[in-house]
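A.B. asks: Below are the sequence and a predicted model for it; my questions follow.
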Amino acid sequence: MSRRDDIREKALKDLQQHEVLMLNGHFDFGNGYHGRVYLNPHQLFRHPSTIWRFGQDLLDVLPASIVEETEVVAGPVMGGALLAHTIAGLLDSRRAITRPQTIFAPFSVDPDCGHTLSRFYQKQVLGRNVLLVDDVRNTGQTLTRCAALVREGGGSVIATAEIYDRMEAMMDAGVPNYALAEYKAPENYAAAECPMCKDGTPIAAF
Ligand SMILES: [Zn+2]
């Protein structure tokens with residue numbers, strides 16, 4: 001097994017240890033559905049040192065060329081932006097001090113179109129290589145939208161990356177994607193048909 005595989009396997013365990021990812025439980029999602037897997041990205045950020053550690057691991061699974069070429073790290077508010085800020089700082093700690101510092105750019109939430117990039121940050125991405133990051137990849141729609149915003153701003157998206165990929169992406173941003181950890185949750189059940197309820201398994205707290 002390669003070193004990258006080792007890091008990724010350990011990350012999946014670490015996510016469970018930090019209660020970001022809870023497997024083999026019985027969860028009531030409050031929307032009429034029950035399931036065995038619960039994902040809580042807030043646990044990544046509750047203690048800053050947690051996201052610094054996962055950020056280091058994410059950098060370790062990225063190809064060296066991506067790490068080398070990245071000039072801006074951008075991510076959508078909230079989790080993606082916190083991760084982007086962390087990754088941008090960590091990149092500088094791995095590079096020659098004489099190099100220009102890595103730039104951070106957040107995408108703000110826009111009630112009409114999902115996300116937006118302010119004029120100030122459009123200027124930051126102009127003519128630069130951008131690594132797009134998010135804490136979790138769901139359908140891929142957010143990263144695809146953010147990639148379009150970077151391109152509109154005159155930046156070049158070189159890759160997308162996330163801590164955790166739910167493996168349910170239906171859209172990609174047209175560049176390579178790298179996940180630190182990935183896990184496809186089994187199907188959820190309508191509460192009335194939930195086999196765990198039928199077994200009498202107590203509902204887990206989260
Ligand atoms: Zn149930």
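C.D. replies: Thanks, I have it.

A.B. asks: alpha carbons only for contacts and neighbour counts from here, please
C.D. replies: Will do.

A.B. asks: Pull the number of nearby residues for Q43.
C.D. replies: For Q43, the count of nearby residues is 16 (other CA atoms under 10 Å).

A.B. asks: you'd agree it is in a helix?
C.D. replies: Yes - Q43 sits within a helix when classified using DSSP: H, G, I helix; E, B strand; the rest coil.

A.B. asks: Show the contacting residues for it.
C.D. replies: 18-20 (CA atoms under 8 Å, 6 or more residues apart in numbering).

A.B. asks: now L44
C.D. replies: By CA under 8 Å, 6+ apart, the residues touching L44 are 18, 20, 50-51.

A.B. asks: By neighbours, which of these wins?
C.D. replies: Result: I51 is most packed of these (other CA under 10 Å), 21 neighbours.

A.B. asks: distance between the helix or strand where that residue lies and the chain's centre?
C.D. replies: Per DSSP states H and E: I51 is located in helix 48-61. Per CA atoms, centre = their mean, to the nearest Å, the displacement of helix 48-61 from the mean C-alpha position of its chain is 11 Å.

A.B. asks: packing partners for that helix?
C.D. replies: Applying 3 or more CA pairs under 8 Å, 6 or more residues apart in numbering; DSSP states H and E, we find helix 48-61 packed against helix 3-17, helix 42-45, helix 79-93, strand 156-165, strand 177-182.

A.B. asks: returning to what we had before: could you dump the contacts of Q43 to JSON lines with distance to the ion?
C.D. replies: Shown next, in JSON lines, are these (distance: CA to the ion, whole Å):
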{"residue": "H18", "distance to the ion": "24"}
{"residue": "E19", "distance to the ion": "20"}
{"residue": "V20", "distance to the ion": "21"}
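
A.B. asks: Under a three-state scheme, what state does the closest residue to the ion within the chain occupy?
C.D. replies: Residue of the chain nearest the ion, by CA to the ion: C197 (4.0 Å). The assignment at C197 comes out as helix when based on three-state DSSP.

A.B. asks: Kindly provide the distance from it to A204.
C.D. replies: In this view, C197 and A204 are 12 Å apart by CA to CA, to the nearest Å.

A.B. asks: Not counting its neighbours along the chain, what's nearest D28?
C.D. replies: Closest residue in space to D28, ignoring its immediate chain neighbours: H34 at 4.6 Å, by CA to CA, 6 or more residues apart in numbering.

A.B. asks: what pairs with that neighbour across the strands?
C.D. replies: D28, Y189 (DSSP bridges).

A.B. asks: ok, now which ones touch it?
C.D. replies: Applying CA under 8 Å, 6+ apart to H34 gives the contacts 26-28, 188-191, 194.

A.B. asks: Could you do I203 as well?
C.D. replies: 25-28.

A.B. asks: so what's the spatially closest residue to P176 that is not a sequence neighbour up against?
C.D. replies: Nearest residue to P176, sequence neighbours excluded (CA to CA, 6+ apart): A159, at 5.1 Å. Residues in contact with A159 (CA under 8 Å, 6+ apart) are 66, 130-132, 175-178.
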